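**Q** Starting from these lines, generate the structure:
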Amino acid sequence: QLQLVESGGGLVQSGGSLNLSCAASGVALEDYAIGWFRQAPGKEREGVSAIGSGGYTYYLDSVKGRFTISRDNAKNTVYLQMNGLKPEDTAVYYCAADIWRIGLSPSIYDYWGQGTQVTVSS
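**A** Residues are numbered from 1 along each chain as shown. As a prediction, the model looks like this:
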């Protein structure tokens, strides 16, 4: 059974950076598409970025040029490097995996981590 654990969240000032990690256990991650999602209080969960097994990437328009998704299959881990953080990026960030599909819709993904809090102060 695939299990995902996010880490790397925290409190950062506007303009700062964080690097989130999504570590997998139970299966090899290399065959899975991985998505990063976020959910702010009172808002729906939204897709931020995704990476396919072949390395193709997707980004939410508002994070293009600031966030970079990458994967290290040897470490069974996917990363989300977040630069130029803004207060509106504040949310709980989740990673999710699916072996068949890729995209920014949460409904695509079968496996989810527990989330990590990202707070950006102004």
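
**Q** contacting residues around the residue most central in space within the chain?
**A** By Cα atoms, centre = their mean, the chain has its centre lying nearest to Trp36, at 2.4 Å. The contact partners of Trp36, taken as Cβ atoms under 8 Å, 6 or more residues apart in numbering, are 20, 22, 47-50, 69, 78, 80, 93-96. Yep, even glycine has a C-beta here, placed from its N, CA and C like the rest.

**Q** just Ser49 next, same as before
**A** Contacts of Ser49 (Cβ under 8 Å, 6+ apart): Gly35, Trp36, Thr57, Tyr58, Tyr59, Leu60, Val63, Phe67, Ile69, Leu80, Leu104.

**Q** could you dump these to CSV with distance to Asp89, pLDDT and secondary structure?
**A** As requested, these are exported to CSV (distance: Cβ to Cβ, whole Å; pLDDT from 0 to 100; DSSP: H, G, I helix; E, B strand; the rest coil):
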residue, distance to Asp89, pLDDT, secondary structure
Gly35, 16, 98, strand
Trp36, 12, 98, strand
Thr57, 18, 97, strand
Tyr58, 17, 97, strand
Tyr59, 13, 98, strand
Leu60, 10, 98, coil
Val63, 8, 98, helix
Phe67, 9, 98, strand
Ile69, 15, 98, strand
Leu80, 11, 98, strand
Leu104, 16, 96, coil
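
**Q** are any of the residues you listed buried, and which?
**A** Gly35, Trp36, Tyr58, Tyr59, Leu60, Val63, Phe67, Ile69, Leu80, Leu104 (16 or more other Cβ atoms under 10 Å).
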